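K.L.:
Sequence plus predicted model, see below.
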Amino acid sequence: MNGLMKTFDARVSALGELDSHSAAALVHAASDVALIVDEGGVIRDIAFSGTDAPLAESRAWLGQAWVDTVTPESREKVRDMLREAAGAGVSARRQVNHLTPSGVELPVAYSAVRLGGGPNAVAVGRDLRGVSVLQQRLVEAQQAMERDYWRMRHIETRYRLLFQLSTEAVLVVDVASLRIVDANPSAGRLFGTAPKRLIGRTFPLDLEPDSQKPLTEALGSVRGSGRSEEVRVRLVSHPGDVRVGLSLVRQDGAALYLVRLIPPEAEPGAGAEDSRVLRSLAEMPDGFVVLDLEGRVLTANRAFLDLGQLATEEQVRGQLLGRWLGRPGADVPVLIATLREHGVVRLFSTSVRGEYGSVSEVEVSGVMAPQGATAVVGVVIRDVGRRLASGPQGARDLTRAVEQLTGLVGRVALRDLVRDTVDLVERHFIEAALELTGHNRTSAAEVLGVSRQSLYVKLRRYQIGSAGSSADGGKGAE
């Protein structure tokens, strides 16, 4: 430590012969709290800056051994500073936590310096409460970022699944270049080619000449207003009119067209495809509600009826959704106003009130969809309170464990807190991925974006399940 310290080259000429008053003023100016400690480690005098209560309470330390004024885990640090000051004249800086008479912990970073050739030492300290607050905010910010990252990953997975399973042909088109950047399997079937062969081609494609102008005008209208448009066109490879729905979305600063192509055989009520979709929506575990633009329920599935403690769909049909969702007269109008302006709402946090007093915290995602000359609103309502209660043990204990780690701020080094927090969060999300994939480790590795070998190492490290078992769903999972 002494080899790394740089002192004044000419202390006498630079500082002169400091008298006791000047030395005391220098120590007071350079510290928030300073202690004069005798050779027995007893505090003989105290100086501090400021008038806030924790520092003012330091007067009570007079006459006590320095080690008796700090928390148990800080006592060895105090002894080390006193030994270093006695031997080398100055100690390394260390953080200790004082216990004030009111019970408040006061974190202070001290360096101890021996006074001249005498037995006494002065401990010069800096108040670290501001640093502790920043450390706590750092941990909270990291936790919030991790939660947001994984929530967005799960949302992306759900919407990617919906995109792939949709019976409507859907294209994602870059506004600037009109290049197709994504296409679902239904689009491939509509154009008679593999979806990946559509990517990179210029939109519009496969149009009859007389359909080129109205579609181009509709694209320009959507680009200028940001509002959804619908137009009917004719494709060279497909008989009959095709409805084309256009919406403008933004992602990572880029503007994209979301293009839905609905051939005549896919019109509402046309066939078995619609029946399968309706059955899936009716049986899905999240609440699904279709509203008119006044917020009145047109249809609702069984999951929403369970949230609202309702017996039949007739009880909700024609009623305002605000009777059950959010604050009466507030949340649903905001939701519909946002949908009118942007066409889509994601992760709107609110609550559902049941007929018999239950309250469920929910996240709402919605979309406005054209229906003839009018429009309807489709709303998915997910019970997020139930998600925590029914999750794995790591999910149930995560909040409590993070609170316990936060309580160690000021007692444990930041790098140790960050390491323990990362381990805790990593274990939690590995368990969540296994739960999401039915404990299929191959699928869990894909969801987490890691290799199977890396996942197996982490499973052994955290002793999660049996990393060497063959529970990966057999050859089909590979």
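P.N.:
The structure has been received and is ready for your questions.
K.L.:
Burial check on E140, number of neighbours?
P.N.:
E140 is flanked by 12 other residues according to other Cβ atoms under 10 Å. Placement of C-beta: from N, CA and C, glycine included.
K.L.:
do the same with A337
P.N.:
Neighbour count for A337, taken as other Cβ under 10 Å: 11.
K.L.:
Would you check how far apart it and G103 are?
P.N.:
To G103, A337 is 50 Å away according to Cβ to Cβ, to the nearest Å.
K.L.:
and if you look at S186?
P.N.:
Computed as Cβ to Cβ, the S186 to G103 distance reads 66 Å.
K.L.:
give me the number of residues near V367?
P.N.:
Here the neighbour count serves as a burial measure; for V367 (other Cβ under 10 Å) it reads 17.
K.L.:
ah, wrong one, I meant L305
P.N.:
A count of neighbours around L305, defined by other Cβ under 10 Å, yields 17.
K.L.:
Next: S360.
P.N.:
Taking other Cβ under 10 Å as the neighbour definition, S360 ends up with a count of 21.
K.L.:
so what's it up against?
P.N.:
Taking Cβ atoms under 8 Å, 6 or more residues apart in numbering as the definition of contact, the neighbours of S360 are L307, S351, V352, G354, D383, G385, R386.
K.L.:
Any idea how many residues pack against E313?
P.N.:
Residues near E313, counting by other Cβ under 10 Å, number 15.
K.L.:
Show the pLDDT at it.
P.N.:
pLDDT for E313: 80.
K.L.:
Could you report the pLDDT at the closest residue to I262 other than its chain neighbours?
P.N.:
In space, and not counting its chain neighbours, I262 is closest to R243: 4.2 Å by Cβ to Cβ, 6 or more residues apart in numbering. R243 carries a pLDDT value of 84.
K.L.:
helices and strands around whichever strand or helix holds R243, which ones?
P.N.:
Under the assignment given by DSSP states H and E, the secondary-structure element containing R243 is strand 238-251. Applying 3 or more Cβ pairs under 8 Å, 6 or more residues apart in numbering; DSSP states H and E, we find strand 238-251 packed against helix 209-225, strand 229-235, strand 254-262.
K.L.:
in the first one, what counts as buried?
P.N.:
Within helix 209-225, the residues that qualify as buried by neighbour count (16 or more other Cβ atoms under 10 Å) are S211, L215, A218, L219, V222.
K.L.:
One more: stretch 86-94?
P.N.:
Buried residues in stretch 86-94, counted by 16+ other Cβ under 10 Å: V90, S91, A92, R94.
K.L.:
Which of those fall within helices?
P.N.:
Taking DSSP state H as the definition of helices, those contribute nothing to them.
K.L.:
Can I get the residues you listed in TSV including pLDDT and distance to F429?
P.N.:
Supplementary listing: the buried residues of stretch 86-94 in TSV, determined by pLDDT from 0 to 100; distance: Cβ to Cβ, whole Å:
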residue	pLDDT	distance to F429
V90	86	46
S91	88	43
A92	89	38
R94	89	36
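K.L.:
of these, closest to V175?
P.N.:
For V175, the nearest member of the buried residues of stretch 86-94 is R94. The distance, counting by Cβ to Cβ, is 58.7 Å.
K.L.:
In contact with that closest one: list those residues for me.
P.N.:
Taking Cβ under 8 Å, 6+ apart as the test, what R94 contacts is K77, D80, M81, A109, Y110, S111.
K.L.:
Give the closest residue to N120 in space, chain neighbours not counted.
P.N.:
Among residues not flanking N120 along the chain, D38 sits closest, at 5.5 Å (Cβ to Cβ, 6+ apart).
K.L.:
show me where pLDDT drops low in the stretch 201-350 of the chain?
P.N.:
228, 264-277, 328-330 (pLDDT under 70).
K.L.:
where do the strands sit along the stretch 251-400 of the chain?
P.N.:
Assigned by DSSP state E, counting those that start in this stretch, the stretch 251-400 of the chain shows strands spanning 254-262, 287-291, 297-300, 344-353, 359-371, 374-383.
K.L.:
Let me have the ones you listed in CSV, extended by distance to L320.
P.N.:
Putting those into CSV (distance: least, Cβ to Cβ, whole Å) gives the following:
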stretch, distance to L320
strand 254-262, 29
strand 287-291, 9
strand 297-300, 8
strand 344-353, 13
strand 359-371, 15
strand 374-383, 13
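K.L.:
Those strands: which one's closest to L235?
P.N.:
Taking those one by one with Cβ to Cβ, strand 254-262 is closest: 8.3 Å.
K.L.:
G103: what secondary structure?
P.N.:
When states are read from DSSP: H, G, I helix; E, B strand; the rest coil, the local structure at G103 comes out as coil.
K.L.:
That one: neighbour count?
P.N.:
Counted by other Cβ under 10 Å, the residues lying close to G103 total 6.
K.L.:
and the gap between it and T71?
P.N.:
Shown here: G103 relative to T71, a distance of 12 Å by Cβ to Cβ.
K.L.:
Make a PyMOL selection of the buried ones in the contacts of S360.
P.N.:
Burial among the contacts of S360 is assessed by 16+ other Cβ under 10 Å; the matching PyMOL selection reads:
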select buried, resi 307+351+352+383
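K.L.:
just the contacts of S360: which has the poorest pLDDT?
P.N.:
For the contacts of S360, the least confidently modelled position is R386, at 54, judged by pLDDT.
K.L.:
can you give me the strands for the stretch 1-150 of the chain?
P.N.:
In the stretch 1-150 of the chain, the segments counted as strands under DSSP E, counting those that start in this stretch are 33-37, 43-48, 94-99, 105-114, 121-127.
K.L.:
List the neighbouring strands of the last one plus their orientation.
P.N.:
This points to strand 121-127. Strand pairing for strand 121-127, using DSSP bridges, gives strand 33-37 (antiparallel), strand 105-114 (antiparallel).
K.L.:
Assess the claim that V173 and L256 are in contact.
P.N.:
Yes: the pair formed by V173 and L256 meets the contact definition of Cβ atoms under 8 Å, at 6.6 Å.
K.L.:
These two: who's more crowded?
P.N.:
Here V173 and L256 are compared on neighbour count by other Cβ under 10 Å; more neighbours surround V173, at 22 against 19.
K.L.:
ok so, going back, could you dump the buried residues of stretch 86-94 to TSV with distance to R260?
P.N.:
As requested, those are exported to TSV (distance: Cβ to Cβ, whole Å):
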residue	distance to R260
V90	74
S91	71
A92	67
R94	65
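K.L.:
Q319 - how many residues pack around it?
P.N.:
Other residues within reach of Q319, judged by other Cβ under 10 Å, total 16.
K.L.:
switch to numbering from 8
P.N.:
Sure, I'll start numbering at 8, so the last one becomes Q326.
K.L.:
Now do the contacts for A225.
P.N.:
The contact partners of A225, taken as Cβ under 8 Å, 6+ apart, are E236, E237, V238, V251, L253.
K.L.:
Noted, bye for now.
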